[in-house]
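Asks: here is a sequence with its predicted model. Questions after.
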Amino acid sequence: MSEGTDAAARRRAVRDGLGVALATSAYGISFGALATASGLDVWQTCVLSLVMFTGGSQFAFIGVIGSGGLAAIPAAIASSALLGVRNIAYGMRMAPLLGGGFWRRAAAAHFTIDESTAVALGQTRTHAQRWGFWVTGLGIYIGWNLTTLAGALLGNVLGDPKTYGLDAAAAAAFLALLWPRLRRRQAIAVGIAAAVIAAMLTPALMPGIPVLAAAVVAIVVGWFNWLARDEVPSAEPDDVAEREGLP
């Protein structure tokens with residue numbers, strides 16, 4: 001019975017991982033097209049995906065470069081690094097689940113992203129969490145780099161990606177990640193404060209600097225946690241409650 005349950009959990013993890021990998025890899029095309037439109041060569045675009053491999057940071061980097069050129073490189077690096085800091089928290093959460101020695105953890109660090117962490121933590125058994133992590137991480141890595149190459153090549157052939165609406169893909173992806181989190185007053189306050197600051201500073205400052213300023217504001221608002229002190233924690237979703245035997 002246990003073996004059958006373990007096998008079912010593993011199949012579910014693999015299915016979830018492959019599904020997420022296919023969906024996430026698709027908008028690598030928009031990154032490739034936008035990167036070449038921002039002034040990067042095809043090979044530079046591909047190296048960025050191979051080495052950096054965190055979609056949010058990559059879009060931030062080329063967005064700042066596209067707006068400010070070479071002079072904005074320091075701001076581009078700072079913006080992308082700031083967005084990548086969240087992966088440190090993911091790594092701390094995933095380390096006990098993945099186990100293994102130094103080399104396994106070193107390899108896992110490169111594939112620790114939003115999607116691999118989410119799929120892993122969505123599983124109910126430890127071995128299924130590991131399967132979910134590796135299938136998602138490796139699947140997205142392969143797919144993302146293939147679609148990055150395709151987007152870069154298509155971008156050179158088709159011209160301005162804005163004509164096809166590809167410039168909106170990154171913003172849409174960020175909004176899809178952010179929207180489910182805007183359920184409490186504190187999260188909404190952080191989002192509004194950061195957005196207002198970024199909008200006010202964008203016309204006056206070098207590209208990338210408004211993003212950093214908005215991040216500082218978000219940290220300050222979130223640190224004091226004024227609006228969340230009297231909030232009642234939300235109930236667990238139905239599926240989580242069922243797994244843990246909660247009423």
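Replies: Received it, and whenever you're ready, just let me know what you need. Everything numeric here is computed off the predicted structure, so don't read it as measured data.

Asks: distance from stretch 141-156 to the middle of the chain?
Replies: Computed by C-alpha atoms, centre = their mean, to the nearest Å, the chain-centroid distance of stretch 141-156 equals 18 Å.

Asks: cool, and stretch 98-107?
Replies: Here stretch 98-107 is found 22 Å from its chain centre; the criterion is C-alpha atoms, centre = their mean.

Asks: just the endpoints, please. Distance across it?
Replies: Chord length of stretch 98-107, first to last residue, is 11 Å (C-alpha to C-alpha, to the nearest Å).

Asks: in it, which residues are buried?
Replies: Residues of stretch 98-107 classed as buried: residue 98 (neighbour count, 16 or more other C-beta atoms under 10 Å). C-beta here means a position set from N, CA and C on the backbone, and glycine is covered the same way.

Asks: with stretch 32-52 instead?
Replies: Judged by neighbour count (16+ other C-beta under 10 Å), stretch 32-52 contains these buried residues: 32-38, 40, 42, 45-46, 48-49.

Asks: with just CA atoms, put it into CSV.
Replies: Extracted in CSV, the C-alpha atoms of stretch 32-52 (Å, rounded to 0.1, in the frame of the first residue of the first chain):
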residue,chain,number,x,y,z
GLY,A,32,15.0,36.3,-26.1
ALA,A,33,13.2,38.8,-28.4
LEU,A,34,13.3,41.6,-25.9
ALA,A,35,17.0,41.0,-25.1
THR,A,36,18.1,41.3,-28.7
ALA,A,37,15.8,44.4,-29.1
SER,A,38,17.6,45.9,-26.0
GLY,A,39,21.0,45.6,-27.8
LEU,A,40,22.3,42.2,-26.8
ASP,A,41,23.7,39.8,-29.3
VAL,A,42,22.2,36.3,-29.7
TRP,A,43,25.1,34.7,-27.9
GLN,A,44,25.0,37.3,-25.1
THR,A,45,21.3,36.6,-24.6
CYS,A,46,21.8,32.9,-24.5
VAL,A,47,24.7,33.2,-22.0
LEU,A,48,22.5,35.3,-19.8
SER,A,49,19.9,32.6,-19.6
LEU,A,50,22.4,29.8,-19.1
VAL,A,51,24.3,31.6,-16.3
MET,A,52,21.7,33.8,-14.6
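
Asks: mean confidence for that stretch?
Replies: Stretch 32-52 shows an average pLDDT of 89 in the prediction.

Asks: same thing with stretch 103-119?
Replies: Averaging pLDDT along stretch 103-119 gives 88.

Asks: where in this protein is pLDDT low?
Replies: Along the chain, segments meeting pLDDT under 70 span 1-4, 67-72, 156, 158-183, 206-209, 211, 222, 224-247.

Asks: if we go to 50?
Replies: Where the chain drops to pLDDT under 50, the residues are 1, 232-247.

Asks: give me the domain ranges for the protein.
Replies: What automatic domain parsing lists as the domains of the chain is 2-167, 182-247.

Asks: for this protein, which segments count as helices?
Replies: Listed in chain order, the helices of the chain (DSSP state H) span 2-26, 28-37, 42-51, 55-68, 73-84, 86-98, 102-110, 114-121, 126-158, 169-178, 185-201, 209-224, 238-244.

Asks: coming back round to it: deepest-packed of the domains of the chain, please.
Replies: domain 2-167 (a mean of 18; mean count of other C-beta atoms under 10 Å).

Asks: how far off centre is it?
Replies: Relative to its parent chain, domain 2-167 has a centroid offset of 7 Å by C-alpha atoms, centre = their mean.

Asks: residue 30 reaches residue 152, doesn't it?
Replies: No. Assessed by C-beta atoms under 8 Å, residue 30 is found out of contact with residue 152, at 10.9 Å.

Asks: returning to that earlier point: could I get the buried residues of stretch 32-52 as JSON lines with distance to residue 138?
Replies: What follows is the buried residues of stretch 32-52, written out as JSON lines (distance: C-beta to C-beta, whole Å):
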{"residue": "32", "distance to residue 138": "20"}
{"residue": "33", "distance to residue 138": "24"}
{"residue": "34", "distance to residue 138": "25"}
{"residue": "35", "distance to residue 138": "23"}
{"residue": "36", "distance to residue 138": "26"}
{"residue": "37", "distance to residue 138": "29"}
{"residue": "38", "distance to residue 138": "28"}
{"residue": "40", "distance to residue 138": "25"}
{"residue": "42", "distance to residue 138": "24"}
{"residue": "45", "distance to residue 138": "21"}
{"residue": "46", "distance to residue 138": "18"}
{"residue": "48", "distance to residue 138": "19"}
{"residue": "49", "distance to residue 138": "14"}
